[in-house]
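# with the sequence up front, the predicted model follows.
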Amino acid sequence: MDKTDIGVIGLAVMGRNLALNLIDNGFLVSVYNRTTPGERLLQDFLENDAKHLVSEGKLVGSFNLPSFVEGIKPPRRILLMISAGPPVDSVIAELVPVLEQGDIIMDGGNSEHSDTTRRCRALRNMGLHFLGIGVSGGEEGARHGPSIMPGGSLEGWLHTKNILQAISAKVDGKPCCSWIGTDAVGNPTSSEGAGHFIKTVHNGIGYADMQLLAEAYHLMKDLLSMGPPDIAQVFDSWNAENLEWRLLENTAEILRFKDEFGEYLIDKIRDAAAQKGTGKWAVIEAANAGIPANVIAESVFARFVSASKDERLAASTQLVGPAFQKFVGDRITMMDDIKKAVQASKIVLYAQGFMLLQEGLPRLFGCHLNCADLAQMWRGGCVIRSKFLDHVKNAFVLDPQLKNLMMDEYFSRTLADCQLAWRRVTVTAINHGIPTPAFCSALSYYDSFRCPRLPANLLQAQRDFYGAHTFELLERPGVFLHNDWTGVKPK
Ligand SMILES: NC(=O)C1=CN([C@@H]2O[C@H](COP(=O)(O)OP(=O)(O)OC[C@H]3O[C@@H](n4cnc5c(N)ncnc54)[C@H](OP(=O)(O)O)[C@@H]3O)[C@@H](O)[C@H]2O)C=CC1
Ligand SMILES: O=C(CO)[C@H](O)[C@H](O)COP(=O)(O)O
């Protein structure tokens, strides 16, 4: 058999589906998975899903790394789809001795950007190219076209671009995969961990997109006493307004799903959300950058709160809330208000996410981000895809330097249309004791951002009072003063 075009290491959900996607797109593929005692992913793949591809000569499975590498055309392109962290380092360490100068390793897992930068540098010193590529879209995306966010060695990208763009999702005929990292005039430049940084923020946005829908569901369930199929119908009706919001479609499907007893599965799922860590990393990045990504943070923290299920059960019998009140308002209006609360909060969320991205690329990787291109890349294939991203793209096409999406005319108009409904929803939720942390947090940010005079004058005075940290006067910005607040100067 001819040497293959690319090798994939790691045959769990993502790796095996990407391998099949590569073959659909005409590439010959080598695959490898370490063979651990309890795990027979490679054998299982070769004997089942990929059996016919092996006999057709489109796929080669190897049970050892040297023969896997030997079977790939040089310069070898190898895609890792394995658990992030130490496994990536250990597989790279095994690969290096059997690779040749100019070969390319791509890490498509959810790695931390600082690990990717470290690996890019170490491998560059060995004459190898390393790419850190964010892949989004889950199982379905991997199989039929994910969104791909590649960063790292620019030369490595030039050797892999045709493959990555071929297997990515397409929107309006354009691949949802383009290089992350440009110089000041927009030319592509090496960008080390930038692709994985983008994927981290993407996942943070994804956590919050999910949280917003979870809060909408909670209100319809507990405030309006609606059952899963009725809520699904409301979500369908929102989507019928041309939102093309994949997560909303998926959520309606989840709500309609019945188990083998003919009962709604959603009602039986334990309300304790797990997480693998990328949302938390996004919050850490925001804190490091000084960017107020509070909607992402609330969404991560909401998962933490949910996970303390036993404590919540105990607290539910001890901590008092408002007595149950039947909702007496107009139900149709409230459903519409909830939709607007989601819409407005989503604008705040993306404004914060893009601020974090725009700040992070120059500071962390010495390169820039084309925000319009990124919105296009997220438009197809990925977990957060929706028509909303067309508006994000338009905003950045109109003003590539836009600092806050809320200031774009379309978005500020939408916020103005939604803000009263958004307030009604949060007030009603608070009065009924139903938590809506992401809605409330987004609204607080909106009100803070549009507030000409925040109480930070008092914070500055307090800091100066206890720690002589100084403050500026409104009329003398840039001049830092210290006041003797008590009239008793310490000796
Ligand atoms: N699932 C999803 O929706 C998405 C996942 N990702 C990311 O893609 C990557 C792959 O994800 P997924 O397919 O879900 O699989 P997992 O995250 O469950 O990773 C399992 C794969 O990693 C391999 N692996 C684990 N430890 C080692 C090690 N020490 N040495 C060699 N191989 C190892 C496993 O091999 P073995 O079977 O031998 O243990 C298996 O092939 C992850 O980084 C994930 O975060 C990205 C986007 C979406
Ligand atoms: O990267 C992804 C989607 O693009 C994964 O689905 C992600 O790992 C899910 O995150 P978590 O387990 O933290 O909810």
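That came through fine. Ligands and ions are numbered 1, 2, ... in the order given.

# what's the closest non-adjacent residue to Ala289?
The shortest distance from Ala289 to any non-neighbouring residue, by C-beta to C-beta, 6 or more residues apart in numbering, is to Glu359 (4.9 Å). Placement of C-beta: from N, CA and C, glycine included.

# what's the answer for Asp390, then?
Nearest non-adjacent residue to Asp390 (C-beta to C-beta, 6+ apart): Arg379, at 6.8 Å.

# so the one you found touches Val392, yeah?
No - Arg379 is beyond contact range of Val392, at 9.1 Å (criterion: C-beta atoms under 8 Å).

# if we can go back for a sec, and the residue nearest to Ala289, how far from Leu313?
Note on Glu359: its distance to Leu313, by C-beta to C-beta, to the nearest Å, is 41 Å.

# which one's more surrounded, the two?
Glu359 (18 against 9; other C-beta atoms under 10 Å).

# after the helix or strand containing the more buried one, which helix or strand is next?
Glu359 is part of helix 331-365, with elements assigned from DSSP states H and E. Counting by DSSP H and E, the next helix or strand C-terminal to helix 331-365 is helix 371-377.

# returning to what we had before: for the helix holding Glu359, buried residues please.
334-335, 337-361, 364-365 (16 or more other C-beta atoms under 10 Å).

# what's the answer for stretch 25-43, then?
Neighbour-count burial for stretch 25-43, counted by 16+ other C-beta under 10 Å, picks out Asn25, Phe27, Leu28, Val29, Ser30, Val31, Tyr32, Asn33, Arg34, Leu41, Leu42.

# any part of that stretch near ligand 1?
Yes - using C-beta under 6 Å from any ligand atom, a contact is recorded between stretch 25-43 and ligand 1, made by Asn33, Arg34, Thr36, Glu39, Leu41.

# in a markdown table: these, plus secondary structure and pLDDT.
Shown next, in a markdown table, are the residues of stretch 25-43 next to ligand 1 (DSSP: H, G, I helix; E, B strand; the rest coil; pLDDT from 0 to 100):
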| residue | secondary structure | pLDDT |
| --- | --- | --- |
| Asn33 | coil | 94 |
| Arg34 | coil | 92 |
| Thr36 | strand | 77 |
| Glu39 | strand | 67 |
| Leu41 | helix | 84 |
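
# can you list those residues in a markdown table and add distance to Val60?
A markdown table is the format used below for the residues of stretch 25-43 next to ligand 1 (distance: C-beta to C-beta, whole Å):
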| residue | distance to Val60 |
| --- | --- |
| Asn33 | 13 |
| Arg34 | 17 |
| Thr36 | 21 |
| Glu39 | 20 |
| Leu41 | 16 |
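
# which among those residues gets closest to Gly61?
Gly61 lies nearest to Asn33 out of those, by C-beta to C-beta, at 8.6 Å.

# against Ser62, how distant is that closest one?
Going from Asn33 to Ser62 by C-beta to C-beta gives 10 Å.

# all strands in the protein, in order from the N-terminus.
6-9, 29-32, 59-61, 77-80, 104-107, 129-136, 147-152, 170-171, 174-175, 471-473, 476-481 (DSSP state E).

# with mean pLDDT added, can I get the ones you listed in TSV?
TSV is the format used below for the strands of the chain (pLDDT from 0 to 100):
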stretch	mean pLDDT
strand 6-9	98
strand 29-32	97
strand 59-61	95
strand 77-80	98
strand 104-107	98
strand 129-136	98
strand 147-152	98
strand 170-171	96
strand 174-175	96
strand 471-473	98
strand 476-481	98
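
# for the ones you listed, which one sits closest to Ala442?
strand 129-136 (22.6 Å).

# next, the angle from the closest one to strand 147-152.
160 degrees (axes from the mean of the first three to the mean of the last three C-alpha atoms, to 10 degrees).

# strand 129-136 and ligand 1 in contact?
Yes - applying C-beta under 6 Å from any ligand atom, one finds strand 129-136 touching ligand 1 at Val135, Ser136.

# next one: that strand to chain centre, how far?
Offset of strand 129-136 from its chain centre (C-alpha atoms, centre = their mean, to the nearest Å): 15 Å.

# list the helices and strands that strand packs on?
The helices and strands touching strand 129-136, judged by 3 or more C-beta pairs under 8 Å, 6 or more residues apart in numbering; DSSP states H and E, are strand 104-107, helix 113-125, strand 147-152, helix 154-167, helix 194-218.

# so is it next to ligand 2?
Yes - against ligand 2, strand 129-136 shows contacts by C-beta under 6 Å from any ligand atom at Ser136.

# adding distance to Asn17, write the strands of the chain out as JSON lines.
Formatted as JSON lines, those follow (distance: least, C-beta to C-beta, whole Å):
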{"stretch": "strand 6-9", "distance to Asn17": "10"}
{"stretch": "strand 29-32", "distance to Asn17": "12"}
{"stretch": "strand 59-61", "distance to Asn17": "13"}
{"stretch": "strand 77-80", "distance to Asn17": "12"}
{"stretch": "strand 104-107", "distance to Asn17": "16"}
{"stretch": "strand 129-136", "distance to Asn17": "10"}
{"stretch": "strand 147-152", "distance to Asn17": "13"}
{"stretch": "strand 170-171", "distance to Asn17": "17"}
{"stretch": "strand 174-175", "distance to Asn17": "18"}
{"stretch": "strand 471-473", "distance to Asn17": "56"}
{"stretch": "strand 476-481", "distance to Asn17": "55"}
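
# please identify the deepest-packed of these.
Highest mean neighbour count among the strands of the chain (mean count of other C-beta atoms under 10 Å): strand 147-152, with a mean of 30.

# only C-alpha atoms, please: export it in CSV.
Listed next in CSV are the C-alpha coordinates belonging to strand 147-152 (Å, rounded to 0.1, in the frame of the first residue of the first chain):
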residue,chain,number,x,y,z
SER,A,147,-14.5,24.0,13.4
ILE,A,148,-10.7,24.0,13.6
MET,A,149,-8.5,26.7,15.2
PRO,A,150,-4.9,26.1,14.3
GLY,A,151,-1.9,27.9,15.8
GLY,A,152,1.8,27.2,16.3
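
# and it, what does it pack onto?
Packing partners of strand 147-152 (3+ C-beta pairs under 8 Å, 6+ apart): helix 113-125, strand 129-136, helix 154-167, helix 194-218, helix 371-377.

# quick check: which of the ones you listed is nearest to Ala307?
That would be helix 194-218 among these, by C-beta to C-beta, at 13.5 Å.

# how near is Phe327 to Met335?
11 Å.

# which neighbours do those two have in common?
Leu224 (C-beta atoms under 8 Å, 6 or more residues apart in numbering).
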